[in-house]
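>>> quick one, fold the following:
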Amino acid sequence: MDWKHPLCCLLCSLPLLVTLEIQTINSINELKEHNFGKTFPQHGIPLLYWFSTLIDIDQNAIIRFKEGSYDPVTDIPFELVENSGSLPYMIPSGERAYYSAGDFESGSFSYLPFYVTQDFYNSRNHAGKNVDRIIIVIDKWYTPVRVDQVYVAEVSECNLPNMTSNTTITYKVGIQLLRQIITLTSPFDCQNKFLKEIFPHLGFSLTLAENMFGQPGFPLFMALSGYDLVDRYNITAQAWSCSPLLPAGVRKSLCDTSRQELAIRTSHDGHAVISWHGLPSSVLKVHTTVALFQTGDRITALVQQRIDGQASGTLETSVPLNPGLQVQLIKQDVSDATIWQGPEFNDGNRQIPVSVGNASASMQLFTRKGYAGVRLYIRKTFVNWRDDFYYSWVGFYASEEDSNEDYLSGQWQWVTRFTKHKLLSLFRWDVYEYVCNTAITPGLHARFFLTEYYEWARTKPWDM
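All right, here's what the predicted structure looks like:
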């Protein structure tokens, strides 16, 4: 979403940085030497890894987004921010500006993958769980857009108690560092037995990381960057009823949470399906319950069921899919305690809006109360969109193999008849929606036609 946060709010007004030269981190080795995002529950290191999965860097060191990883109309998964003086001055321009990701109190954080957000959800009352940001300069003069500069920042949460200062740390991220991380995210097997031979100095750190994180290359990056994996392991081990780390040399039974997942899937009638798998053996020895909650009500579960001893499973519910649903694993004892929380459900299935032809518009498949819908984002500068889209329509399809003529019976609408969503129509775009009478189901998608069957855009199939 497009909440335009002034950077003075994000960075809590930091005049001291105006006179400081921003250091550049040029390699993973240099990153290890800097105190950025290294302790639980900070998310700066996962943010860097995530950003590296979104981009390509050419031989001229030009950074561009991979197809489908960024929407130039809404800027999802980033948000426009203003420079309060903590970053290099840039002449104000509608085409070149600062954008940020990583603020868990913003509207775009739900597009971040769970390996970035999991410690935020599961850090209880730990301080510092929302202090890391990645800030980039996007230049829209180019097509496709370019990323000109990349920064990471550690900000002070202005409402944290016992904070004596609101200073922040900001670093520029060098191209070489990004190239190194991209190398780790490439498809080669980063979990193979040769890693410890290639990086012998990592030793037990890599073993710990591999027992907590499952994304290819991510455990290696966490270990190489100097993240405090021992502290993170002990905190999460306590949550999962695992034994804490034993003295050096006695390392027989580590708690493996790298494959655990609590998620919300989609039934064939638009209802939520609770899914869990990969639960560590330690938690199977206690009485546990999976429960479905709605954001804003963490006391009363919508659905719950005992799953004692089941490492994996699913539970169909009659709860229609809506944003803010969340699965929790609960330990039943004298007083029930939450073991782990999954991500909050994003009504667009975390899919980035797709561009509509060459127009200043993008389209997103979403769900409301279990029904399929299409959301159109229209740039406010696109003032003649009703004229240009006068003969345009959107239809819903059960399969990508269906021809354009085989849309679901009656499930289509003229674009000019979409309903404006006033709350989502913010600074730089308007939002128009159409919700059909068909339940959202796996494989369903939407297609935009400029005229008749001249297809201009297609969403990805719903894959949950």
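>>> now do the helices in the stretch 301-450 of the chain.
Ranges of helices in the stretch 301-450 of the chain, per DSSP state H, counting those that start in this stretch, are 385-388.
>>> what pLDDT does the model give residue 9?
pLDDT, residue 9: 45.
>>> residue 31 - how many residues pack around it?
Applying other Cβ atoms under 10 Å, we find 27 other residues in the vicinity of residue 31. C-beta coordinates here come from the backbone N, C-alpha and C atoms, glycine included.
>>> now do the same for it: helix, strand or coil?
Per DSSP: H, G, I helix; E, B strand; the rest coil, the secondary structure class of residue 31 is helix.
>>> just the pLDDT at it, thanks.
Value for residue 31, per-residue pLDDT: 95.
>>> with residue 140 instead?
92.
>>> so what's the spatially closest residue to it that is not a sequence neighbour up against?
Spatial nearest neighbour of residue 140, chain neighbours left out: residue 95 (4.4 Å); criterion: Cβ to Cβ, 6 or more residues apart in numbering. Neighbour list for residue 95: 139, 140, 141 [criterion: Cβ atoms under 8 Å, 6 or more residues apart in numbering].
>>> pLDDT weak spots in the chain?
1-20, 92, 157-167, 187-200, 246-252, 334 (pLDDT under 70).
>>> middle-most residue in it, spatially?
Centroid-nearest residue in the chain: residue 112, 0.6 Å away (criterion: Cα atoms, centre = their mean).
>>> tally of neighbours for residue 429?
Neighbours around residue 429, by other Cβ under 10 Å: 22.
>>> go on, residue 416?
14.
>>> picking that back up, residue contacts, the residue nearest to the centre of the chain?
50, 77, 101, 102.
>>> where do the helices sit along the stretch 1-150 of the chain?
7-10, 28-33, 44-54, 114-121.
>>> what's in contact with the second one?
Applying Cβ under 8 Å, 6+ apart, the external contacts of helix 28-33 come out as 25, 48, 177, 180, 181, 221, 224, 225, 226.
>>> re earlier: please report how far the residue nearest to the centre of the chain lies from residue 368.
22 Å (Cβ to Cβ, to the nearest Å).
>>> next: residue 442.
For residue 442, the distance to residue 368 - Cβ to Cβ - is 17 Å.
>>> for the helix or strand hosting residue 230, buried residues please.
Using DSSP states H and E, residue 230 falls within helix 229-239. Neighbour-count burial for helix 229-239, counted by 16 or more other Cβ atoms under 10 Å, picks out 229, 232, 233, 234, 235, 236, 237, 239.
>>> from those, which is closest to residue 428?
For these, the minimum distance to residue 428 (Cβ to Cβ) is 38.3 Å, reached by residue 232.
>>> surely that closest one is in contact with residue 43?
No: between residue 232 and residue 43 there is no contact under Cβ atoms under 8 Å: 11.4 Å.
>>> overlap in contacts, these two.
In contact with both residue 232 and residue 43: residue 119, using Cβ under 8 Å, 6+ apart.
>>> one step back: distance to residue 73 for the buried residues of helix 229-239 - can I get that in a markdown table?
Converted to a markdown table, these look like this (distance: Cβ to Cβ, whole Å):
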| residue | distance to residue 73 |
| --- | --- |
| 229 | 39 |
| 232 | 37 |
| 233 | 42 |
| 234 | 44 |
| 235 | 40 |
| 236 | 38 |
| 237 | 44 |
| 239 | 40 |
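>>> farthest-separated two in those?
229 and 239 (15.6 Å).
>>> what does stretch 305-322 rub up against?
Contacts for stretch 305-322 (Cβ under 8 Å, 6+ apart): 264-267, 270-279, 281, 284, 286-292, 294, 302-303, 325, 332, 345, 347, 367-371, 440.
>>> hang on, I meant stretch 254-263
Contacts for stretch 254-263 (Cβ under 8 Å, 6+ apart): 207-208, 210-214, 219, 233, 236-237, 240, 242-243, 274-280, 282, 290, 327-329, 340-343, 464.
>>> contact partners for the closest residue to residue 293 other than its chain neighbours?
Among residues not flanking residue 293 along the chain, residue 326 sits closest, at 5.3 Å (Cβ to Cβ, 6+ apart). Contacts for residue 326 (Cβ under 8 Å, 6+ apart) come out as 264, 292, 293, 294, 295, 341, 342, 343, 344, 345.
>>> got it, and residue 376?
356, 361, 362, 363, 394, 415, 418, 431, 432, 433.
>>> residue 392 contacts residue 452, correct?
No: using Cβ under 8 Å, residue 392 makes no contact with residue 452, being 9.9 Å away.
>>> these two: who's more crowded?
residue 392 (23 against 10).
>>> skipping its backbone neighbours, what lies nearest that one in space?
residue 415 is the one closest to residue 392 (Cβ to Cβ, 6+ apart), at 4.3 Å.
>>> before we move on, what about residue 381?
residue 360 is the one closest to residue 381 (Cβ to Cβ, 6+ apart), at 6.3 Å.
>>> in contact with residue 393, which residues?
412, 413, 414, 415, 448, 449.
>>> bridging residues for it?
residue 414, residue 449 (DSSP bridges).
>>> returning to that earlier point: quick check on the contacts of stretch 254-263: which are buried?
Using 16+ other Cβ under 10 Å, the buried members of the contacts of stretch 254-263 are 207-208, 210-214, 219, 233, 236-237, 240, 242, 274-276, 279-280, 282, 290, 327-329, 340-343, 464.
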